[in-house]
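the following comprises the amino acid sequence and a computationally predicted model.
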Amino acid sequence: MIKFENVTKIYKNNFVVLQDVSFEVKEGEFLSVVGKSGAGKTTLIRLILGLEKATSGIVSFNGVDVSKMYDNNLQQMRRRIGCVYQDYKLLPAKTVYENVAYIMEVEGKDNDDIIRDVPKILEVIGLGEKTNNFPHELSGGEQQRLSIARALVNKPDVIIADEPTGNLDPYNTYEVISLLEKINKSGKTVILSTHDQAVVNKLGKRVITIEAGKIVRDDAGGRFVI
Amino acid sequence: MLTKFKRIFKFAMADFYRNRGISLAAIFILIITILTVTGLFLMHGIGNFIISEVENKIDITAYFKSATSQDDIMGVKNQIIAASPSIKSVEYVSKEDALADFIEKHKDDPTLQEALDQVGDNPFLPSLSIVTSGEAAEYEKVANILKGEQFSSIIEKVDYSQKKDIIDKVFSITSRITTFGLAFTFVLVLVVMLVVYNTLKLAIDHSKDEITTMRIVGASSSFVRAPFIIQGAMFGVIAFVVCFVITAVASLLLSGALSVMMPGFSLFHYFLSNLFLIALIQLGFGTGLGIISSVVAVNRYLKL
């Protein structure tokens, strides 16, 4: 589904972030990408989303080179990927309801579908009572749950979570990871970038370890070893 | 398509209201800009009025001997017109017209009426009232014809007003003002355009992270850009309405005071007679600047 072939990313001043990285993520897989801060985890995710272009090598989504996609195709691909970020990346001037509805509006869904689906997913995620609140009126855990609701509402093929528990307490961390496991069990592909050892060890899923821009380990039932 | 437009319009309205502090700042800057441009337009009208007033003053009056026939006088008139086709006017005033004009002007002054009665005959002379365009060369041409040998027997006297000197001065001032004014207007318009652009850019910079998020979740460029463009247009339309009202009220209030300084000129009448042009300038400047600035500013963040 997602494939990296000998991907290298070099920023200005010859700063090498990723070096000759190759791996593949299959449909329905749960992959954890671990590494210290600055190891290149976020760059790897930005390459999948087409927010960065590889200096060399190919990043492909369903067999199509992401760097060669036109704007329209790129945006269509992004709609098939639900993203969850450490800093939530919510739309601050929109309410809880509007944040989720926006994703369906971007997709061009009917108003009837939006009116039916948005309250339902907000109810499931535990934000049914806060539909008219703005993101700054929510706790960290609630904001992260909202970003998960937003990532899920269009039933994407892949969920990418970049340090989703970085700003959360243990209770909310547990909730978010449980949600990601449930999503994966429903058949979705999940890519989790984290440096939380406890989370990775508890999951017992495939783990790719990155150190200084290189993949140093790729274990099927992996553990967090750095 | 209609649903998409409705959604874009809804986003624009919601953002306009929720970021009302920034919206008001942008509108305020646009109002200042539009009023500056309108002020320049009105100043142009006032300047033109002053120049035409000075130009239209009679600057040469040729008085003919009492017995001169109308045909002879018309001959002089034709020669002047032939020599200076661009001359503004050459008007023949007969003895009778001059007397009637005098009586009409001084009908409330019994002393003058009495003096006229004592003189008995019509003391006025037939004349030509000449209005030149104010150009020095034309003035010289007319003066030379009247001073010429061939008319010395029929011309009693020629009155040259001080208009030549005044016009020379006015022209020298206005040509300087025109050159300076054009440069000043250009610089001023450039400055206010940059101020408007930067104000809207600040408003859009405020939404930089929001635009990035919209792109990450798959929103198309037009879906992200359109609400900002609509907001830019809304700023322009609101600023136009405010400016139009301010201009109407200000021209009405200032009209009286300006009429005292410039008899015959009504600022409000000038505003009314140029109503559509002023509205077009204000609306075009407001919405044009609002939309263009929004497009340029938002495009910087759409490259993701």
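Received it, and whenever you're ready, just let me know what you need.

give me the neighbour count for the residue in the stretch 101-250 of chain B positioned nearest to chain A.
As assessed by C-beta to the nearest C-beta, chain A sits closest to residue B:218 within the stretch 101-250 of chain B, at 3.5 Å. Glycine gets a C-beta too; all of them are placed from N, C-alpha and C. Residues lying near residue B:218 (other C-beta atoms under 10 Å in any protein chain shown) number 23.

tell me the secondary structure at the most centrally placed residue in chain A.
Against the mean C-alpha coordinate of chain A, by C-alpha atoms, centre = their mean, the closest residue is residue A:160 at 1.8 Å. For residue A:160, the assignment made with DSSP: H, G, I helix; E, B strand; the rest coil gives strand.

what residues are bridge-paired with the closest residue in space to it that isn't next to it in sequence?
Take residue A:160 and drop its neighbours on the chain: the residue closest to it by C-beta to C-beta, 6 or more residues apart in numbering or on different chains is residue A:191, 4.8 Å away. Going by DSSP bridges, residue A:191 is paired in beta bridges with residue A:31, residue A:160.

for the stretch 1-150 of chain B, which segments count as helices?
Here the stretch 1-150 of chain B has its helices, by DSSP state H, counting those that start in this stretch, at B:2-18, B:20-55, B:70-83, B:95-105, B:110-119, B:136-147.

how about JSON lines for those, with mean neighbour count, mean pLDDT and distance to residue A:21 added?
Below are the helices of the stretch 1-150 of chain B laid out as JSON lines (neighbours: other C-beta atoms under 10 Å in any protein chain shown; pLDDT from 0 to 100; distance: least, C-beta to C-beta, whole Å):
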{"stretch": "helix B:2-18", "mean neighbour count": "15", "mean pLDDT": "87", "distance to residue A:21": "39"}
{"stretch": "helix B:20-55", "mean neighbour count": "17", "mean pLDDT": "83", "distance to residue A:21": "42"}
{"stretch": "helix B:70-83", "mean neighbour count": "15", "mean pLDDT": "86", "distance to residue A:21": "92"}
{"stretch": "helix B:95-105", "mean neighbour count": "13", "mean pLDDT": "86", "distance to residue A:21": "101"}
{"stretch": "helix B:110-119", "mean neighbour count": "11", "mean pLDDT": "81", "distance to residue A:21": "109"}
{"stretch": "helix B:136-147", "mean neighbour count": "16", "mean pLDDT": "76", "distance to residue A:21": "84"}
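
where does chain A have low pLDDT?
For chain A, residues meeting the criterion pLDDT under 70 lie at A:225-226.

for the longest helix belonging to it, buried residues please.
In chain A, assigned by DSSP state H, the helix with the most residues is helix A:170-185. For helix A:170-185, burial by neighbour count (16 or more other C-beta atoms under 10 Å in any protein chain shown) applies to A:172, A:173, A:175, A:176, A:177, A:179, A:180, A:181, A:183, A:184.

of the residues you listed, closest to chain B?
residue A:183 (16.9 Å).

what's the closest non-adjacent residue to that closest one?
Nearest one to residue A:183, counting by C-beta to C-beta, 6+ apart, is residue A:159 at 5.6 Å.

tell me the contacts of the one you found?
A:81, A:82, A:83, A:84, A:151, A:152, A:180, A:183, A:188, A:189, A:190, A:191 (C-beta atoms under 8 Å, 6 or more residues apart in numbering or on different chains).

switch the residues you listed over to a markdown table; also include distance to residue B:117.
Formatted as a markdown table, the contacts of residue A:159 follow (distance: C-beta to C-beta, whole Å):
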| residue | distance to residue B:117 |
| --- | --- |
| A:81 | 107 |
| A:82 | 107 |
| A:83 | 105 |
| A:84 | 108 |
| A:151 | 107 |
| A:152 | 109 |
| A:180 | 116 |
| A:183 | 115 |
| A:188 | 115 |
| A:189 | 116 |
| A:190 | 116 |
| A:191 | 114 |
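
elements contacting the longest helix of chain A?
strand A:30-34, helix A:140-152, strand A:158-162, strand A:189-194, helix A:197-203 (3 or more C-beta pairs under 8 Å, 6 or more residues apart in numbering or on different chains; DSSP states H and E).

out of these, nearest to residue B:94?
Ranking these by proximity to residue B:94 (C-beta to C-beta) places helix A:140-152 first, at 92.8 Å.

any bit of that closest one sitting next to chain B?
Yes - using C-beta under 8 Å from any C-beta of the partner chain, helix A:140-152 reaches chain B at residue A:150.

now do the buried residues in that helix.
Those would be A:141, A:142, A:143, A:144, A:145, A:146, A:147, A:148, A:149, A:150, A:151, A:152, for helix A:140-152 by 16+ other C-beta under 10 Å.

go on, stretch B:295-304?
Buried residues in stretch B:295-304 (16+ other C-beta under 10 Å): B:297, B:298, B:301, B:302, B:304.

now the second one: which helix or strand?
Taking DSSP states H and E as the definition, one finds residue B:298 inside helix B:275-299.

what mean pLDDT does that helix get?
Per-residue pLDDT values across helix B:275-299 average out to 89.

which one of the buried residues of helix A:170-185 is nearest residue A:123?
residue A:179 (14.3 Å).

that closest one: what's it in contact with?
Contacts of residue A:179 (C-beta under 8 Å, 6+ apart): A:125, A:145, A:148.

didn't residue B:106 look like it was pressed against residue B:100?
No - with contacts defined as C-beta atoms under 8 Å, residue B:106 does not count as touching residue B:100, sitting 11.4 Å away.
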